[in-house]
Each structure stands twice: as C-alpha cells, then as structure tokens.
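# Any chance you can model this:
(one chain, ligands or ions: 2)
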Amino acid sequence: MTPKEILKKFYGYDSFRSGQAEIIDAAMQGRDSLVLMPTGGGKSLCFQIPALARDGFAVVVSPLIALMDDQTAALQANGIPAAAVHSGHNESDNRAVMEALFEGHIKLLYISPERLLQEIDRWSDRIPVNLFAIDEAHCISQWGHDFRPVYTDLARIKQKYPCVPIMALTATADRLCRRDIAANLNLADPFTWTGSFDRPNISLQVVNNPGMKNKMRLIASLIRKHPNDSGIIYCLSRKSAEEMTERINALGFRAVCYHAGMTTHERSAAQKAFINGTVQVVCATIAFGMGIDKSNIRYVVHNNLPSNIESYYQEIGRAGRDGLPAHAMLFYSMADMITLRNFAEESGRSSVSNEKLQQMLKFAQAGVCRRRILLSYFGETAAHDCGNCDICLNPPHRFDGTTLAQMALSASIRVGGKAGMYMLNDILRGSLKSDIRRLGFDRIKTFGAGRDLNVAQWNHYLSQMVQLGLFEIAYDESNHLHPTPFGMDVVYGRARIELARYVPEQTKDEKQRRGRIPALDVPTLSPEEELFEQLKTIRMAISQKDGIAPYMVFSDATLHDMAHRRPKTLEEMADISGVGERKLVRFGSRFIQAIRKFEGMTATLPQGSSMKQTLILYNSGMPVPEIARERGLSESTVYSHIAKLIGEDMITQFGTLLTRKQYEDILDIRRRYPDNYSDHLSERLRPLAGVAMAIYNYQQRHAAARTQNH
Ligand code: ADP
Ligand code: ZN
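Ligands and ions are numbered 1, 2, ... in the order given. Now for the predicted structure:
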C-alpha cells in the first residue's frame, strides 16, 4: 500500500498536511530525518505510516510513559498493531510484548529510552527494525528546556544499526538544540523539516500586574464567551492551582484541578472530566495537557509567567487545534520573575535557565507585535505584524517618562538601595505603612513625590524601568532595586527614556455588563451544534461501554465534520475526515443512526449495510472469527454475508475462507447426498457449506461467461 492509501484506510484522512508526505518519503528511502513541528502539527503520522508501509516494525522512543499506553490504544482503535514496553507495566506483560514483536505481530513498539538501551544489547543485528523514531528529541540537548541525560545514550542506536533510518521529532528546538539532536544521535545528512510554528488563530494577550480581582474578571469573561468549550489555566504551584479552582467554582463555573500532588486516580478522573466536557476549565500545573487531543480548547491562561518560551508556546498550542479562533492570556508580575529566578538557581543549570527566562520576560514586556517575537525565537521571520495580539490591536502610547524615572531612581538612592519594588511604590506614593516609618523612609525628600499616580500605575512604570535597565533586581539582597549605570545617566539628565502609558485592563464583557446584566447565560445552539452535542453523547456512551477515551472513538474535529455533512450511509460516513475502515465498521452505524433520526428519517441503515461492513473487514484481511468478534455477530452470520457477497461478485478471493480440500470435501458430500447433504457434514465443515456453494456457483458463472466469449 502507498502512504496515501494507508492514510485513508487506517486514519480516514484524504490528504497529508504540510511536510508529512516529504518526511514519510525520506523515511521510506531509508534516510535519517529531523522533524520540527508545533504541537498538533501531525508528527505521529510521520513515523507511523512508514512503519506500516515497510516490512518489519518501527521502534518509537518516548520519555512520556503515561502517554505511551494512550498512543498505542489510539493506534489499536485504528486497527494498527502497536504495543508499549516500559516500567509502568509488569515484567511478564513486557516480555509478552517482546515475544509478539519478534513473532512479527507488532508494527509499532513504543518504548522508554531506559528500556530500549537495555534491550538493544540483546537484539541481533538482523532484527527487522524499519525505523527508529525518537519523540521529544529535544530531551537530548542541554540547551533544551527538558534535558534528560539518558537520551544522550541513544547515540548507541546508530552504532548498532547504521543502516536503519532514525527520525527525531520535537515541537520545541532552537538552533543550538537542533544541532545537538543531529550530532548526539549521529544522524547522517538528515532530511530536515521545520514546520511553521505560526498559529495565527490563537490571539495573544499579556496582562501586567493584574491583581486577583482583575484576573478573575478576565477569566470569567473567557469562560462566559465559550460556555460549551473548554480552557486550561496553568498555575505555578499546586497550591495556586487549588486556589484558582475554588475561585472559579465560587463564580458558578465548573473547574477541576490537576497537579502532581494528586493521586493517579484523582488525576485521571480530572483529565476524564475535562476530556468529556463535564468541566469547563482545568487549573493545572505544567504536568497537564501533554498528548491531549482535544480540539475545542478555546483558551489557555497562564496565571504566572512561564519559565521559558518553549513551554509557553507548547502550552498555548493546546488551544484552537481545530483552527478556529482561540485565545492565549498571560498574567505576569515582577513577583513571578523573582520566584522563577530562584527556581532557575536551584535547577543547577542556572545560566541556561536564566537566559531562557530573560527571553520569556522580553516577550511578556514586548512593545512590538508579540507573534513576531515568538516566531523569531523559533527561527522564523514574519514579514508583517500579526494583527491578532494585544500590541497590534492596542499599540501602546508612549510618553517621555524621564521625570518619573528620576523620581523613582532618586528615591531608591536615598534609601540606600534598601527598597524592593513594592516598598518603592509605597514610598513614592507617600504611604505611611509601619515598615516605612520604622526604617525612617518617610523622612526622605522624595517621600510622596509620586502621589499623583496610583499603585497600579507605579507598578506598571516601575516594571518598565526594570525592563529598560534603569534598575537591576538584587536577587541576593531581598530583591531590592538598585540603580544601574544607565539609571544614573537618567538621574543626571544625560539620558532620557520613554514609557508606555498604563491602560487599565477593561474587557468588552465588562463594558457590556455595565449596560445590562443578562439574566442567565443560556446559550442557544444552532442545529449543527445541537447535532454535534448529540454525537458527543453517543461517543460518550461508546467510550464508557468499550472503556476507551472519547477522543479515541472519534476526535471533535471528526464529529464536527459529521455534524456538518450529516452522512446517512456507510459510504458517506467513510468520506468523513478521521473515519478509517476499522472505526467505520466499529462505530459508524451508531452515528449514522443518530444522524438519520436527527434528519427525521428512519434510524435503520439502508439495506445491505451490515454486509458492507463485513466486506470492509474481509478486504482488510481479517479472518472470519475475528470479524464476528469485532462486529458482535455469530460466525455463521458472517459466513452467510460472505456467501451473499460472493454471489454478487463482491468477493473474488477465497483463499483465506477454506482450503481446497475442505471445498472439495463439501462438494463431494453434496454429490453423494443431494437431498440432505448438510446433515452429513462434520461440525467443522457445516458453517462453510454456504460459502463453498457460493464459490461453486461463482465458478460456474464465470466458466459460462468464458465459453460464451469464445
Ligand atoms: P503532534 O504529535 O505533532 O502533536 P498529532 O500527530 O497528535 O500531532 O496530530 C494532531 C492531530 O491532527 C491528530 O488528531 C491527528 O489525527 C490529526 N492529523 C494528523 N495528520 C492529519 C492529516 N493529514 N489530516 C487530518 N488530520 C490529521
Ligand atoms: Zn501582533
């Protein structure tokens, strides 16, 4: 089968996305490759399809043990033999998988790097591996944000199997990291694909120092805008994730919390509730979201500054996978900056981490199109401003801020550099807090010099002064602000600076509400949305009955396509994006029935549908007993379908149905006992009689046709 045929048959897709065909082609020709694509870009197909198209099997190395089982289950749901080996399974299960692998029953083996490195020493040189796929390949680099030392030992793959292609895949790798990947894996002249990282449908917004009340208002407006869809709020700590969950629930919305401190059971319950849509929001630490293929995430909020751009981009990338508008909102304050710096110091790789943090900060504090900053970080150049970020939509107004800066700098100098951001804010506004009195800061000349501005304004301007390099934060001295040499130039009037004017965050939602308060948010659904909701209910029922995640039944994108095109027969259903052969037969009729009902038609499928499902499975090479199991029918029913299909010339290959000897035995008994031959057949032969007769008639028919032609 060609890659394109595999795409349709197993995955139900009609065309490749940008890059996929080229990457697959390189692997088919045995060439190494380095694949950079954003989350959701479609990396998995790039190694799965060559694995299926070539003899042997592919080995997929992934560090995310929790995801391997999900991925193999998703593959199995598409009728692809895949299995996983890792420390989360017991040893006898792992051994059984390895045996099945060597017997040729598995096309994709997912394995942890630790385990692969153990196994590979034992493997013979002639083992039929057709590809090594290294997922999350950035883990190999010290420059990546998720360095894992065990990954560096993967260099041994190429030494042992110099002729097997390696495909390294990642969603996040800057230039240095890419170089490390190629070098450390010993890739030979790799085919390199860099997909565009642009996700133009995600609007970008950064809110500086919002304060809790503002945060909650902004979050509430996002939830209200998307009552039937969902969002993620990333929090820095478990505690803040829990608090945020409570706050959102207190507003009358439905939120759950997800973090590493919860039990596995609690976590999977939370994830389930999110995937099923029973909750609107999940408040999570970074542990959430990897591998979630949920296409209707409409917003991602960062409650704190992320520690690097790679993580930020990967996290916001979980929104809007269906290509429809989605929103990324980032809250940050100087306090985040200080917390993160401490994390970075503790991480033991402080210079790299700090550098990445600085880049993140630069993004948050940008005065130019934010998407341009992101894309340039990933090595792409954007020719235009995006028009879909807060800076583009609301360009900052700048003014000469030299006087304000001089005020702040001289206050800092007069207290001997002993004030941090918040203390300095108080001093400038002339606040008589007890600390200030105790330290005598209320007696300095600049005390209260800035009382015309409020807390939020000073916060905003002081942050900018730090960004502009007038102050540096003395992390080792209680985060006090110290004037820099450039700051001193400003104090003495040798340099001037500009500041962006403070604009209080005001949401459209708030403006609306000032006019009138809507009684109740009861969204009205369009017919298409209504059908979509019904299809989701069916998906849920199947998911519960079969014990597989809803998105493994069909993705939201697939249900949307169904709701839009409303397939009413199996043929039409096969045309829906994401409906491969296996799922067509296994789930298709349930959804067709619902759609037919929705259209006011009889729910029963058109005549012959059941036979067609048998035909599809038969053509995929599945033996009759398995077809019967898959379809929940008796074997004799399946055989009667097949006999009819032979009668209609729909099946013309009989090799797997019965042996030549069985066929001849049946005909022989029929000749001897023409009236009641089936009574004389053995248990084994009886179910095959109908098929044998159909084949006999088929051959008579075609022999007759042949003689007529002569
Ligand atoms: P990644 O691994 O890059 O994050 P995935 O491989 O999980 O992305 O793909 C993301 C989604 O896009 C999945 O639902 C996948 O089925 C879908 N997808 C991948 N390739 C195609 C394609 N050619 N046509 C339609 N959908 C696709
Ligand atoms: Zn922009």
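# E477 should be in a helix, yeah?
No: applying DSSP: H, G, I helix; E, B strand; the rest coil, one finds E477 to be coil, outside a helix.
# That one: what's it in contact with?
The neighbourhood of E477, defined by Cβ atoms under 8 Å, 6 or more residues apart in numbering, consists of G417. Any C-beta I mention is one placed from the backbone N, CA and C, and that applies to glycine too.
# do the one 3 residues further on as well
With contact taken as Cβ under 8 Å, 6+ apart, H480 is in contact with 417-420, 473-474.
# And for S230?
Contact partners of S230, counting by Cβ under 8 Å, 6+ apart, are 274, 277, 279-282, 294, 296-298.
# Okay, and which of those residues map to helices?
Applying DSSP state H to the contacts of S230, the entries found in helices are F274.
# helix or strand for the closest residue to ligand 1 within the stretch 301-450 of the chain, which one?
Of the stretch 301-450 of the chain, the residue with the smallest distance to ligand 1, taken as Cβ to the nearest ligand atom, is R321 at 6.6 Å. Taking DSSP states H and E as the criterion, R321 maps to no regular element, lying outside all helices and strands.
# Hmm, it is touching I297, no?
Yes: because the distance of 7.1 Å satisfies Cβ atoms under 8 Å, R321 is recorded as touching I297.
# now the contacts of H480 in a markdown table, with distance to ligand 1?
Conversion of the contacts of H480 to a markdown table gives the following (distance: Cβ to the nearest ligand atom, whole Å):
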| residue | distance to ligand 1 |
| --- | --- |
| G417 | 48 |
| K418 | 49 |
| A419 | 47 |
| G420 | 41 |
| I473 | 37 |
| A474 | 42 |
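# Could you dump those residues into CSV and include distance to ligand 2, neighbour count and secondary structure?
Output for the contacts of H480, formatted as CSV (distance: Cβ to the ion, whole Å; neighbours: other Cβ atoms under 10 Å; DSSP: H, G, I helix; E, B strand; the rest coil):
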residue, distance to ligand 2, neighbour count, secondary structure
G417, 37, 14, coil
K418, 40, 17, coil
A419, 36, 25, coil
G420, 33, 19, strand
I473, 28, 17, strand
A474, 34, 14, strand
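# Need the max-distance pair from these.
Pairwise distances among these were taken by Cβ to Cβ; the largest, 13.6 Å, belongs to K418 and I473.
# Go through the contacts of S230 and name the one nearest ligand 2.
For ligand 2, the closest of the contacts of S230 turns out to be R298, at 19.5 Å, with distances computed as Cβ to the ion.
# so who does that closest one touch?
Each residue near R298 by Cβ under 8 Å, 6+ apart is listed here: 222, 225-226, 229-231, 319-320, 324-327.
# Just the buried residues of the residues you listed.
222, 225-226, 229-231, 319-320, 326-327 (16 or more other Cβ atoms under 10 Å).
# Show me which positions of stretch 238-252 end up buried.
In stretch 238-252, residues buried by neighbour count (16+ other Cβ under 10 Å) are 238, 240-245, 247-249.
# what's the closest of those residues to ligand 2?
Checking these against ligand 2 with Cβ to the ion, the nearest one is M244 at 27.6 Å.
# Make CSV out of the contacts of H480 and add pLDDT and distance to M28.
Output for those, formatted as CSV (pLDDT from 0 to 100; distance: Cβ to Cβ, whole Å):
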residue, pLDDT, distance to M28
G417, 91, 64
K418, 92, 67
A419, 92, 65
G420, 90, 60
I473, 80, 54
A474, 82, 58
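# pLDDT-wise, which helix or strand of the protein ranks last?
Considering only helices and strands, the least confidently modelled element of the chain by mean pLDDT, DSSP states H and E is helix 508-515, at a mean of 45.
# Residues touching the helix or strand following that helix, excluding its own?
Once helix 508-515 ends, the next helix or strand along the chain (criterion: DSSP H and E) is helix 527-546. Contacts made with helix 527-546 from outside it, assessed by Cβ under 8 Å, 6+ apart, are listed as 228, 276-277, 525, 549-550, 552-554, 559-560, 562-564, 566, 587, 590-591, 594-595, 598.
# For helix 527-546, could you pull out the residues that count as buried?
By neighbour count, and taking 16+ other Cβ under 10 Å as the criterion, the buried residues in helix 527-546 are 531-532, 534-536, 538-539, 542-543.
# got it, and stretch 410-426?
410-415, 418-426.
# residue ranges with poor pLDDT in this structure?
Scanning the chain with the threshold set as pLDDT under 70 gives 173, 287, 289-295, 347-350, 505-524, 708-710.
# for ligand 2, what are the nearby residues on it?
With Cβ under 5 Å from the ion as the criterion, the chain comes near ligand 2 at residues 369, 371, 385-386, 389, 392.
# ok so, going back, could the buried ones among the contacts of R298 go into a markdown table alongside secondary structure?
A markdown table is the format used below for the buried ones among the contacts of R298 (three-state DSSP):
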| residue | secondary structure |
| --- | --- |
| L222 | helix |
| K225 | helix |
| H226 | coil |
| D229 | coil |
| S230 | strand |
| G231 | strand |
| A319 | coil |
| G320 | coil |
| A326 | strand |
| H327 | strand |
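# which residues touch the closest residue to ligand 2 within the stretch 51-200 of the chain?
Checking the stretch 51-200 of the chain residue by residue against ligand 2 with Cβ to the ion singles out P200 as nearest, at 9.9 Å. Each residue near P200 by Cβ under 8 Å, 6+ apart is listed here: 371, 386, 388.
# quick check, the second one in a helix?
What that stands for is C386. No: counting by three-state DSSP, C386 is not found in a helix; it is coil.
# Relative to Q467, how far out is G323?
Between G323 and Q467 the distance is 34 Å, computed by Cβ to Cβ, to the nearest Å.
# can you check E242 too?
According to Cβ to Cβ, E242 stands 32 Å off from Q467.
# ok, now Q662?
Using Cβ to Cβ, one obtains 82 Å as the distance from Q662 to Q467.
# for whichever helix or strand M562 is part of, packing partners?
Remark: M562 resides in helix 556-565, with elements defined by DSSP H and E. When contacts are defined as 3 or more Cβ pairs under 8 Å, 6 or more residues apart in numbering; DSSP states H and E, helix 556-565 sits against helix 527-546.
# Past the helix it packs on, which element shows up next along the chain?
Next in sequence after helix 527-546, counting helices and strands by DSSP H and E, comes helix 550-553.
# And the helices in the stretch 201-350 of the chain?
Listed in chain order, the helices found in the stretch 201-350 of the chain under DSSP state H, counting those that start in this stretch are 211-225, 238-250, 264-276, 309-316, 334-346, 350-364.
# how many neighbours does the nearest residue to Y475 once chain neighbours are set aside have?
Taking Cβ to Cβ, 6 or more residues apart in numbering as the measure, Y475 lies nearest to R341, with 5.7 Å between them; neighbours along the chain are not counted. By the other Cβ atoms under 10 Å criterion, the neighbourhood of R341 contains 20 residues.
# For D55, grab phi and psi.
With angles defined as degrees, to the nearest 10, D55 sits at phi -60, psi 160.
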